[in-house]
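Asker: here's my sequence, what's the structure:
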Amino acid sequence: MTAMAPVSIVFLVYPGVTQLDFTGPAQILSRLGEAKVDYVWKTRDPVPTDAGFSILPTATFAEIGAADIICIPGGIACVEMIEDDEVLAWVRRVGERASWVTSVCTGSLILGAAGLLKGYRAACHWAWRDHLRLFGAEPVAERVVRDRNRLTGGGVTAGIDFALSLTAAVRGEDHARLIQLALEYDPAPPFASGSPERADESLLAAYQRRMAMLAPGRDERIRAAAARLG
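Answerer: So this is what the prediction gives:
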């Protein structure tokens, strides 16, 4: 068997993060072979996710300044992250040196606010996707988008497709297929409502009402972050 080159992977974890945005990809990327995966935040204190449980970071910003792969997960709390200079400085510092700069869901907005997506095509959750333009990125309505060394995934569950695509890019398609089989990833959703194109108008309206309640002032805050980036 050909020896695999070691690879370091860091995930930003932050209060309110959508846990599936990174736990799904982490499950896959941990099987890259010779992989070291870290979950990074300002401190090593438990970080609450939006699912009601906490994640224990394995490292702090001060402890990790470089990695082969950086992955930024999303969540409604991404708005707080794009307003946090310390977060953006760490993402920028690691991203500028990484071989792969990646995200899942609204994590691409954090990459954008850090100045790492200007001139790149990128994916995002469908309800937030158009905001990428504010950061000089080209939003693309696909589950996985690769543009040079930027690999971004769409909303939440697209993180599985994203991670398999990244695995194929790093270790080859055969390795990615083996992981897919091992995890029995053979999706067959019970409902045809997983995208705005499939959902009916009443369901879309209900979602938009819920988003307006959960993320008040979202649009204005994202525009302000883009203005600060210049």
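Asker: which stretches in the chain count as helices?
Answerer: 19-29, 78-81, 85-95, 107-113, 158-171, 173-182, 201-214, 218-229 (DSSP state H).
Asker: dump those helices into CSV; add mean neighbour count, distance to Gly119 and mean pLDDT as well.
Answerer: (C-beta placed from N, C-alpha, C; glycine too.) Listed next are those as CSV, based on neighbours: other CB atoms under 10 Å; distance: least, CB to CB, whole Å; pLDDT from 0 to 100:
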stretch, mean neighbour count, distance to Gly119, mean pLDDT
helix 19-29, 23, 24, 98
helix 78-81, 24, 21, 98
helix 85-95, 18, 14, 98
helix 107-113, 30, 11, 98
helix 158-171, 23, 20, 98
helix 173-182, 14, 28, 98
helix 201-214, 11, 28, 96
helix 218-229, 15, 13, 96
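Asker: wait, which of these is closest to Val140?
Answerer: Closest to Val140 of the helices of the chain is helix 107-113 (CB to CB; 10.2 Å).
Asker: which neighbouring elements make contact with the closest one?
Answerer: On a contact count with 3 or more CB pairs under 8 Å, 6 or more residues apart in numbering; DSSP states H and E, helix 107-113 meets strand 69-72, helix 78-81, helix 85-95, strand 100-104, strand 121-122, strand 150-153, helix 218-229.
Asker: mind putting the ones you listed into a markdown table with distance to Ser195?
Answerer: Output for the helices and strands packed on helix 107-113, formatted as a markdown table (distance: least, CB to CB, whole Å):
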| stretch | distance to Ser195 |
| --- | --- |
| strand 69-72 | 22 |
| helix 78-81 | 20 |
| helix 85-95 | 28 |
| strand 100-104 | 16 |
| strand 121-122 | 18 |
| strand 150-153 | 14 |
| helix 218-229 | 20 |
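Asker: of those, which is nearest Val144?
Answerer: strand 150-153 (5.6 Å).
Asker: what strands line up against that closest one, and which way round?
Answerer: Note on strand 150-153: by DSSP bridges, its sheet partners are strand 100-104 (parallel), strand 144-147 (antiparallel).
Asker: pick the most buried one from the ones you listed.
Answerer: Mean neighbours per residue, mean count of other CB atoms under 10 Å, is largest over those for strand 100-104, with a mean of 28.
Asker: roughly how far is that strand from the heart of the chain?
Answerer: Distance, stretch centre to chain centre, for strand 100-104: 6 Å (CA atoms, centre = their mean, to the nearest Å).
Asker: who touches that strand?
Answerer: 21-22, 25, 68-74, 95, 110-111, 116, 122, 149-153, 156, 158-159, 162, 166, 169-170 (CB atoms under 8 Å, 6 or more residues apart in numbering).
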